[in-house]
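Visitor: What follows is a predicted structure for the sequence shown.
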Amino acid sequence: MSVAVKRSPETEIDPAKRSRTQPTQFEEDLTRLHSQKGQSVDQIWARPEVPSDFRSKDIVFQQIDAEETTLNGESTVRLFGVTDTGNSIMCDVTGFLHYFYVPVPILRDGASEPFTDEDVREFAAYLREQFPGLAKIEIVMKQSLWGYRSEHKSPFFKIFGRDPMAVTRMRSSFEHNNIQFKRYEFSQQTYDNISYTLRCTVDCHITGMSWLTLPKDKYVVVPDNKRQARTQLEVSVSFKDLIAHSPDGEFLKSAPLRVLSFDIECAGRKGIFPDPAIDPVIQIANMVQVQGEKTPFIRNVFTVGTCSKIAGTQVLEYEREQDLLTDWSKFMNEVDPDVIIGYNTSNFDFPYLINRAEALKLRQFPYFARLKHVQNVVSLEKFSSKAYGTLENKATNVDGRIQIDMLQYIRREYKLRSYSLNSVSAHFLEEQKEDVHHSIITELQNGNAESRHRLAVYCLKDAYLPLRLMDKLMALVNMTEMARVTGVPISYLLSRGQQIKVISQLFRKALEVGMVVPNMKQEGSSDEQYEGATVIEPVRGYYSMPIATLDFSSLYPSVMMAHNLCYTTLIEDRSTIDRLNLKEGEDYIRTPNGDLFVTTKIRRGLLPIILHELISARKRAKADLKNETDPFRRAVLDGRQLALKISANSVYGFTGATVGKLPCLAISSSVTAFGRQMIEHTKSMVEKHYTTKNGYDFDAQVIYGDTDSVMVKFGPQELEKCMELGKEAADLVSETFVSPIKLEFEKVYFPYLLINKKRYAGLYWTRPDKFDKMDTKGIETVRRDNCQLVQNVIETALNRILIDRDVKGAEKYVKQVISDLLQNRIDLSQLVITKALTKDNYDDGDKQAHVALAKRMRARDPGSAPTLGDRVAYVIIRGAAGMKNYQKSEDPIYVLEHNIPIDTEYYLSNQLSKPLLRIFEPILGDKANQLLTGAHTRTISKVTPTTGGLMKFAVKTELCKGCKRPLRGAYAKGAVCENCIDRVPELYLHSLADLNGVQEKFARLWTQCQRCQGSLHQDVICSSKDCPIFFMRRKAQKEVETSESELRKFDFTEW
Amino acid sequence: MLEAKLDAASQLKKIVEAIRDMLGECNIECNETGLALQSLDKSHIVLVSLLLGSDGFSEYRCDRGVTLGLNINSLATVLRCANNDDILTLRSEDRANELILTFEDSKADRISEFNLRLMDIDQEYLAIPETEYAATVVMSAAVLQRTLRDLSALSEAVTIEIDKEGIRFSAEGDLGKGSTHFKPCVDMENAENSINITLSEPVSLSFNLQYFSNITKASSLSSTVTLQMTAGMPAQIEYKLPSGHVRYYFAPKIEDDPYA
């Protein structure tokens, strides 16, 4: 008999053959965007005209960036911004002189004799001789920020320089003790070392992203022939005349900022990552949206070659790449965006464009910054920070515009399994995108107008998604609020660390109270450590009763506030105590660490004031948030309260940053010492009070505590009861602490699985009727060097244990998975591990699985091998005894195609066993090991590969479908042996059902991918290594082929 | 139902020790003619084929075919409990999920019994087609083992050349190079030291030494070994048993094959 077999639909993509097809989902979105705005496809690029009567009014604008420059030989701070009416402006703030402080020496010939006015004049003359950049010297009464000595202020020289360089030179001369004037002994300690831009904005009370008013008679409009900027307005104003508004009330608003998001496509060659020296840029898609509006008002795509029309989108076709690039640069300057975003623009799009233009000798291209004569240049930036580690990034200057690379933003703010645009979109927007490998892009480009249309839609989507992500994550709003709270320009937030934010606040506060900040030499090493937070040894186990959690809210900030810990309150010199006759406990305190600080009775510390302001501002923002209904203002307020919280918490870190600007271990180690003491105190108090002796039903036990929280087992089974006890205990303990330290009852874990320090899982309840969520900490679910299987197994097992309360069920599930794994029934996509191939590890990472694989793949076929920057997906395959894991990594696709056996042992013992034992040991004790060795591990399946070693020579003897015996002789090609002939109808139906099953599975996966790409009428071109569906699809395709050939065997059986 | 008795446990112990490094789990087919095992090693470079004919057992009974799914390492662990001259009996009921091993010490009247859990192993059945080999060498098993061990200090690969003049083993590595050459010879006193070469054309093949030394662990089973080779084909290496054999099909090293 013969069987008709359906061919599987996955064929090679031939873009030229595609005819005009139905619009994709995303194209429909584009149409919708278009109809909402109701404009023509030829969109207006330019900004609105400047009102003709602007000279008769004050200029009010929001400044978005500040940089220093020299204008006519004079230092100037250059502000860029946007007015209420959406006009761009550049404003030069003139007349501000940079300065620093040095204490006035008082000793002459060993006798106290103050500087006379005459001396000051002579001293100025002396200095000017050496430093022509000296502008003037004043004597002012100031006090050092560091240490408490007395309330008296003392005289300081305030030395002004004509430019920032002069200030630096003079400062260093003082610090190196090179100043010899009469017989005065000058201190080598100078004060107030801060960049010119920050100095000016601090003194003018300008915070990042704040609003400014330029009074109408005070500013000067720069004449056209002297203009330097491309902004619509260019003015200059004296620093004395500009009015800075604090971001409150009316000035919470945002100017109509133009946000441009773009994405480029280049036509690479097979197997080689695109190189700007050779590979052309073929498309650039752009979306421009006004901050606060919902849809982009400019949507266009620049293409090389023809491209079919795209709904709601302007298509600009070019024959030559050179013209495309030149026009794009012009487009940038016409749209004049305030914010430029994109995905991985810093490290890819911008450098590629700039380098490509250079290769094509387009000299006009790299001029799309806001300053006419400033060329866009790519530089390498190395950035080290304790919080973010060392990052090496490329940076391209776009003076006057804010640049936010969403990839970098998301990397900083969120910890994710994968940072590909695809998976980030799936995570935050619940929307997938195709992941088209760059080798396919060239094929599409070389096709026809239709295939380029396909590519353009893809490119547009890549430009649209960063915009959606920015809106969804409120990136710009949150950064704006952070800039406003801390005072730094918004560009610092992405390019610099945490310290600059605290420094900015500290200088602002110090200026208010007449203090100066010592310029500490950075001599500490990062090895210098102090004792950190305390961790109460966990009583490991599975708790099937409610566990109440008591938290100190903002522990470190409140400790600093409660005990008045600050640079300004620290008593370093103990003689001060006798000199001022201070009493311990009343005038000063001794911290558990042994350091002395004066109390608020003597002086209120600066840091506590800053913290108090931050925390009460946060309370206000939260209260406003409750009453606010306007969604944009809600977003602003929420961003603000978050920024305030983060800022408050970073103050403590600043004092402990040993390589920082102003480290003070007396403060930071006192803070942690107080923290430790409080945790211990809470533990002992709870355990002493809640006892059967005191009339409670159970003896309470603290089972774990970390940094700012304590977990208490009160005993009762009822949630409500435990919540009551928790609240009561929190109040009870709080009373014993100094305000504003407060212990709060926040949540109950029930049930609770305590695995180890910083590792636990539990159901999180804040009210007794319904749990909020499952909360896990330190459990392998986000680590990327784990395969998906681990994450799924752990998650499901935890769900069964915690939510279903079915430990037996969880065990059964785990055993089933292990058994499936050993029998090769686990989907390959679950076993894939991915890692990015970077330059570093490519050069010297031969022993890393993904690098070794990339090299082996290159040897096999350079065309399809991963290149630098690609994510390498691999699985571990079975190898000879003694082979290392990195020798056993293999491309999942290759594994699928050649049926290569998976190293199930590796997945069991290297991937699954540790996390599983961690979860199950507290519950099952020693029996947990049985999960990995029980009877379920005795049925295995050995896969025979189709390639390598002996396989070229070995002959596979087919087995009978009925009795599994090797088929020989006349029956060798058929489906069954002579004894099973009578079972053919039954077995045939079985095989047919198999084929139908896998065909349906494949069809479903195929449509799933088509849905994801947004069109049911086009072939799937996605090859996302991070997507489980992709591997399932390839596997299903393979299964269809196998089932087809199995069924065909019946052709050779007579019956 | 299988019941098979060996007069000395050492016979089985040696066989299992010889193959345990190469095989993890595998099926042993039992039928009226004896026990047979055919399985690829973990890296798919070597196919191990073991035949223990029923004549090799002092008693043998197997009415219906039985498949024993064994973890070879577990079997080796159990066999370690037997003394070399114990009488060993293997028993397995039809459809049972265990193999019963008894060790009897006839002098001391000691009987130990072990039940080994069987596994259900799903694997494909592979074979290397019978061919005429271009060259056949019969030589001392111990000499072969020694020669390869010496060369493994130099390199990971050995090249074997066979021609009319004899058989030559050579290896080259960072350290330097070395080779051993054997001429055909007949030793009347110690027949196993003879080297006998039959040849239709000269052959030269390279092999991975690590695997090769695993194979020569079977030297304890037989005083001589038969090497058969044809260019571009797997070599066949056979150790004869009193009734049956242990045979290896060994894929040669081919430059562009990353798995060899």
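Guide: Arrived safely.

Visitor: Let's test this: mean pLDDT of stretch A:762-778, rounded?
Guide: Stretch A:762-778 shows a mean pLDDT of 88.

Visitor: that's a strand at A:N799, yeah?
Guide: No. Judged by DSSP: H, G, I helix; E, B strand; the rest coil, A:N799 forms no part of a strand; its state is helix.

Visitor: What is the burial count for the closest residue to chain B within the stretch 701-850 of chain A?
Guide: Distances from the stretch 701-850 of chain A to chain B, computed as CB to the nearest CB, single out A:Q823 as the nearest residue at 6.9 Å. (C-beta placed from N, C-alpha, C; glycine too.) When neighbours are counted by other CB atoms under 10 Å in any protein chain shown, A:Q823 registers 17.

Visitor: Secondary structure of A:Y409: a helix, I assume?
Guide: Yes. The assignment for A:Y409 by three-state DSSP puts it in a helix.

Visitor: How is the chain partitioned into domains?
Guide: Chain wasn't specified; assuming chain A. Each domain of chain A is listed here as a residue range: A:1-38+A:958-1055, A:54-96+A:204-252, A:98-203, A:257-487, A:520-774, A:791-938, per automatic domain parsing.

Visitor: could you do chain B instead?
Guide: With automatic domain parsing as the criterion, the domains of chain B are listed as B:2-117, B:135-250.

Visitor: so which of the ones you listed comes closest to chain A?
Guide: The nearest among the domains of chain B, by CB to the nearest CB, is domain B:2-117 at 3.5 Å.

Visitor: Do the closest one and chain A come into contact?
Guide: Yes. Under the criterion of CB under 8 Å from any CB of the partner chain, domain B:2-117 makes contact with chain A via B:21-22, B:25, B:40-47, B:117.

Visitor: quick one on the thing from earlier: could the domains of chain B go into JSON lines alongside mean pLDDT and mean neighbour count?
Guide: Compiled in JSON lines, the domains of chain B are given as follows (pLDDT from 0 to 100; neighbours: other CB atoms under 10 Å in any protein chain shown):
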{"stretch": "domain B:2-117", "mean pLDDT": "89", "mean neighbour count": "18"}
{"stretch": "domain B:135-250", "mean pLDDT": "92", "mean neighbour count": "18"}
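
Visitor: Make CSV from those and add distance to A:P132 to it.
Guide: What follows is those, written out as CSV (distance: least, CB to CB, whole Å):
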stretch, distance to A:P132
domain B:2-117, 79
domain B:135-250, 68
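
Visitor: Can you tell me which of those is nearest to A:S734?
Guide: Evaluated over the domains of chain B, closeness to A:S734 peaks at domain B:2-117, with 60.5 Å, by CB to CB.

Visitor: Just the terminal-to-terminal distance for that closest one.
Guide: Domain B:2-117 stretches 15 Å from its first residue to its last (CA to CA, to the nearest Å).

Visitor: now the stretch 751-900 of chain A, which segments are flagged as low pLDDT?
Guide: Applying pLDDT under 70 to the stretch 751-900 of chain A flags the ranges A:780-785, A:839-845, A:863, A:869, A:881-882.

Visitor: now the strands for it?
Guide: Using DSSP state E, counting those that start in this stretch, the strands assigned to the stretch 751-900 of chain A run over residues A:759-765, A:773-777, A:833-836, A:871-876, A:889-890.

Visitor: coming back round to it: ranking the domains of chain A by mean pLDDT, which is last?
Guide: Considering these one by one, the lowest average pLDDT is found for domain A:1-38+A:958-1055, at a mean of 75.

Visitor: returning to what we had before: want to try a markdown table for the residues of domain B:2-117 next to chain A, with secondary structure as columns?
Guide: Putting the residues of domain B:2-117 next to chain A into a markdown table (three-state DSSP) gives the following:
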| residue | secondary structure |
| --- | --- |
| B:D21 | coil |
| B:M22 | coil |
| B:E25 | strand |
| B:L40 | strand |
| B:D41 | coil |
| B:K42 | coil |
| B:S43 | coil |
| B:H44 | coil |
| B:I45 | coil |
| B:V46 | strand |
| B:L47 | strand |
| B:R117 | strand |
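
Visitor: among these, which two are most distant?
Guide: Every pair in the residues of domain B:2-117 next to chain A was compared (CB to CB); the two farthest apart turn out to be B:I45 and B:R117, at 29.2 Å.

Visitor: Could you pick out the residues of chain A near chain B for me?
Guide: Taking CB under 8 Å from any CB as the contact definition, chain A meets chain B at A:823, A:856, A:859-860, A:878-883, A:935, A:938-942, A:944-945, A:947-957, A:959, A:966.

Visitor: list the contacts for residue 120?
Guide: You didn't pick a chain, so chain A it is. For A:V120, the contacting residues are A:137, A:139, by CB atoms under 8 Å, 6 or more residues apart in numbering or on different chains.

Visitor: I was after chain B.
Guide: By CB under 8 Å, 6+ apart, the contact list for B:D120 reads A:938-940, B:69.

Visitor: tell me the phi and psi of it?
Guide: Listed backbone geometry of B:D120 is phi -100, psi 100, with angles given as degrees, to the nearest 10.

Visitor: ok, back up a step: in TSV, list the strands of the stretch 751-900 of chain A along with mean neighbour count and distance to A:T629.
Guide: Output for those, formatted as TSV (neighbours: other CB atoms under 10 Å in any protein chain shown; distance: least, CB to CB, whole Å):
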stretch	mean neighbour count	distance to A:T629
strand A:759-765	22	29
strand A:773-777	14	27
strand A:833-836	20	44
strand A:871-876	24	44
strand A:889-890	25	55
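
Visitor: How is the residue nearest to B:L101 when sequence neighbours are not counted classified with respect to secondary structure?
Guide: The shortest distance from B:L101 to any non-neighbouring residue, by CB to CB, 6 or more residues apart in numbering or on different chains, is to B:F114 (4.7 Å). Three-state call for B:F114 (three-state DSSP): strand.

Visitor: residues contacting B:F114?
Guide: Taking CB under 8 Å, 6+ apart as the definition of contact, the neighbours of B:F114 are B:78, B:81, B:100-103.

Visitor: ok, so what distance separates A:K253 from chain B?
Guide: In this structure, A:K253 and chain B are 64 Å apart, going by CB to the nearest CB, to the nearest Å.

Visitor: hmm, back to that, need the strands of the stretch 751-900 of chain A in a markdown table with distance to A:L550, can you?
Guide: Listed next are the strands of the stretch 751-900 of chain A as a markdown table, based on distance: least, CB to CB, whole Å:
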| stretch | distance to A:L550 |
| --- | --- |
| strand A:759-765 | 14 |
| strand A:773-777 | 16 |
| strand A:833-836 | 40 |
| strand A:871-876 | 43 |
| strand A:889-890 | 47 |
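
Visitor: So for A:K501, which of those strands sits nearest?
Guide: strand A:773-777 (27.2 Å).

Visitor: Give me the residues contacting the closest one.
Guide: Among residues not part of strand A:773-777, those counted as contacts by CB under 8 Å, 6+ apart are A:749, A:758-764, A:798-799, A:802-803.

Visitor: From the contacts of B:D120, list the buried ones, please.
Guide: When those are checked for burial by 16 or more other CB atoms under 10 Å in any protein chain shown, the buried set is A:938, A:940, B:69.

Visitor: Any figure for the gap between the second one and A:S1023?
Guide: For A:I940, the distance to A:S1023 equals 32 Å [CB to CB, to the nearest Å].

Visitor: do the same with the last one
Guide: Computed with CB to CB, the distance linking B:G69 and A:S1023 is 39 Å.

Visitor: repeat for the first one
Guide: The gap separating A:R938 from A:S1023 is 38 Å, by CB to CB.
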